[in-house]
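*Asks:* Let me see the structure of the following:
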Amino acid sequence: MKLLEVKGVKYVAEGREILHGVDFAIERGETVVILGKNGAGKSTIAGRIMGTLEGEGGVFLDGKSISEMEVDARARAGIFMSYQAPVEIPGVSMKEMLWAALEEKAGKRVGRKEIEEKLAKATEMVGAEIFWAGKEVNVGASGGERKRNEILQMMALEPKVAILDEIDSGLDMEAARKMSEVLAEFQRKTGVGYVIITHNMRILEKLKVSRVVIVDGGRIVREGGEEIISEVEKRGF
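*Replies:* This is a model prediction of the structure:
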């Protein structure tokens, strides 16, 4: 049984089909990388998995269909998605937001000690200071800080599947390398399955990539292993 399966997923916008029946799957602890030019449909695939976009086809988690679930239900089931441009949430701290999310996920109250421990571990791994968790979410934060916040959220919530949409944008070379180490360590500890959308191969440096799919025109036009990454780095798409 696959951890996540995407079967015949389509998406139509303004009468035009954007995704034309996308299929792929991921096992526990695997990393699938989605590559393609701008506008190829990569983020649309992510949106269909997370449920922010509706359309035909099936999405299955642990063998069970989640295709009819709302976004919040998919999140509670174990899917996390980071966004290319995380928004500011004035008046709400990272700690408050994660506390509420953890209680929603658990279906019960979460004690202060538990949230403090989770945040302490997560901030240490991403190289942030613990006081950062008390600040308003992304308010006044740089692009790199916002992406680090996304990873902090993922680590605190411990999802089964994490969809990381250009999590490396806004990061310099060294920061991207550090992010790769953090993602690899978190995957080793938890068995999370990654679906990574990227243009920067540096983020993949410490990860063991199980499968690479290249998307063009809303279709998967090629699938393979890490050898595709080397080709793309040398020749582009």
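*Asks:* The residue lying closest to Arg219 once chain neighbours are set aside and Ala73, how far apart?
*Replies:* Nearest non-adjacent residue to Arg219, counting by C-beta to C-beta, 6 or more residues apart in numbering: His20, 4.9 Å away. Bear in mind the C-beta positions are built from the backbone N, C-alpha and C, glycine included. Distance, His20 to Ala73, using C-beta to C-beta, to the nearest Å: 27 Å.
*Asks:* ditto for Lys118
*Replies:* For Lys118 relative to Ala73 (C-beta to C-beta), the value is 22 Å.
*Asks:* okay, those two: which has more neighbours?
*Replies:* Lys118 (21 against 12; other C-beta atoms under 10 Å).
*Asks:* I'd guessed that one sits against Trp99; true?
*Replies:* No. Look at Lys118 against Trp99 with C-beta atoms under 8 Å: they stay out of range, at 9.4 Å.
*Asks:* can you pull out the helices in the protein?
*Replies:* Using DSSP state H, the helices of the chain run over 42-50, 71-77, 94-106, 112-126, 143-157, 173-190, 227-235.
*Asks:* Deepest-packed of the ones you listed, please.
*Replies:* Mean neighbour count (mean count of other C-beta atoms under 10 Å) peaks for helix 42-50 among the helices of the chain, with a mean of 22.
*Asks:* show me the contacts for Lys105.
*Replies:* Ala75, Arg76, Leu157 (C-beta atoms under 8 Å, 6 or more residues apart in numbering).
*Asks:* cool, and Ser169?
*Replies:* So Ser169 contacts Gln84, Gly143, Lys147, His199, Asn200 (C-beta under 8 Å, 6+ apart).
*Asks:* what about it, distance to Tyr194?
*Replies:* Counting by C-beta to C-beta, the gap from Ser169 to Tyr194 is 16 Å.
*Asks:* Likewise for Val92?
*Replies:* Val92 is 27 Å from Tyr194, where distance means C-beta to C-beta.
*Asks:* Between those two, which has more neighbouring residues?
*Replies:* Tyr194 (24 against 14).
*Asks:* Would you mind giving me the confidence score for the more buried one?
*Replies:* What the model reports for Tyr194 is a pLDDT of 98.
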